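>>> this is a predicted model, with the sequence first.
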Amino acid sequence: MRKIQNLVEEEEATIDMTPMLDVVFIMLIFFIVTASFVKESGIDVNRPEAATAVKKDRANILVAISDKGEIWINKRRVDVRAVQANIERLKAENPQGTVVIQADRKATTETLIKVMDASRAAGVYDVSIAAQE
């Protein structure tokens, strides 16, 4: 009888950690899948100020225009003729994505219009221009 009682006490003393580890790993996978990652255009621009600037939550395609007229998408410099193809590729990855153009305050309007036209030609009609509040 004593052997059975000692055996029962030993079983009660151990805790099975496997279910808790399963839950932790499932939560980790859930947070990794649902996390939104910040995308950057590749350069810092000196954006102009606007009194009516509104923050856009679902800006997925960022295009930066430097003060020298250089166009940057996904941390790499892009020729103006390749902007449409790059935006089409990014739109295929995220069909609900919008384009936000981060133009430097010294960038030319001509470059800005070319990027806007390329965005619309790529099928993205929700195009915004970034400004500082």
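Cool, got the structure. None of these values were measured; they are calculated from a predicted model.
>>> sheet partners, orientation included, of whatever helix or strand I61 lives in?
If you go by DSSP states H and E, I61 is part of strand 59-65. When pairing is defined by DSSP bridges, strand 59-65 lines up against strand 71-73 (antiparallel), strand 98-103 (parallel).
>>> which residues touch the helix or strand following the last one?
If I follow you right, that is strand 98-103. The element immediately downstream of strand 98-103 (helix or strand, assigned by DSSP H and E) is helix 109-121. Residues outside helix 109-121 that contact it (CB atoms under 8 Å, 6 or more residues apart in numbering) are 61, 63, 65, 69, 71, 80, 83-84, 87, 99, 101, 103, 127, 129. For every residue, glycine as well, the C-beta is placed using N, CA and C.
>>> what residue spans form the domains of this protein?
Following automatic domain parsing, the chain resolves into domains at 2-34, 59-129.
>>> just put these in a markdown table and tack on mean neighbour count and mean pLDDT.
Formatted as a markdown table, the domains of the chain follow (neighbours: other CB atoms under 10 Å; pLDDT from 0 to 100):
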| stretch | mean neighbour count | mean pLDDT |
| --- | --- | --- |
| domain 2-34 | 9 | 75 |
| domain 59-129 | 17 | 88 |
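>>> returning to what we had before: the strands paired with strand 59-65: which one's closest to L21?
Taking CB to CB, strand 98-103 is the member of the strands paired with strand 59-65 nearest to L21, at 40.3 Å.
>>> biggest helix in the chain by residues?
Determined from DSSP state H, the single longest helix within the chain is helix 18-34.
>>> put the alpha carbons of it into PDB.
Below are the C-alpha coordinates for helix 18-34, written out as PDB (Å, rounded to 0.1, in the frame of the first residue of the first chain):
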ATOM      1  CA  THR A  18       3.900  20.800 -23.200                       C
ATOM      2  CA  PRO A  19       0.400  22.400 -23.400                       C
ATOM      3  CA  MET A  20       1.700  25.700 -22.200                       C
ATOM      4  CA  LEU A  21       4.600  25.700 -24.700                       C
ATOM      5  CA  ASP A  22       2.100  24.900 -27.500                       C
ATOM      6  CA  VAL A  23       0.000  27.900 -26.500                       C
ATOM      7  CA  VAL A  24       3.100  30.200 -26.400                       C
ATOM      8  CA  PHE A  25       4.300  29.100 -29.800                       C
ATOM      9  CA  ILE A  26       0.800  29.600 -31.300                       C
ATOM     10  CA  MET A  27       0.600  33.100 -29.800                       C
ATOM     11  CA  LEU A  28       4.100  33.900 -31.200                       C
ATOM     12  CA  ILE A  29       3.000  32.700 -34.700                       C
ATOM     13  CA  PHE A  30      -0.200  34.800 -34.400                       C
ATOM     14  CA  PHE A  31       1.700  38.000 -33.600                       C
ATOM     15  CA  ILE A  32       4.200  37.500 -36.300                       C
ATOM     16  CA  VAL A  33       1.500  36.900 -38.900                       C
ATOM     17  CA  THR A  34      -0.700  39.900 -37.800                       C
END
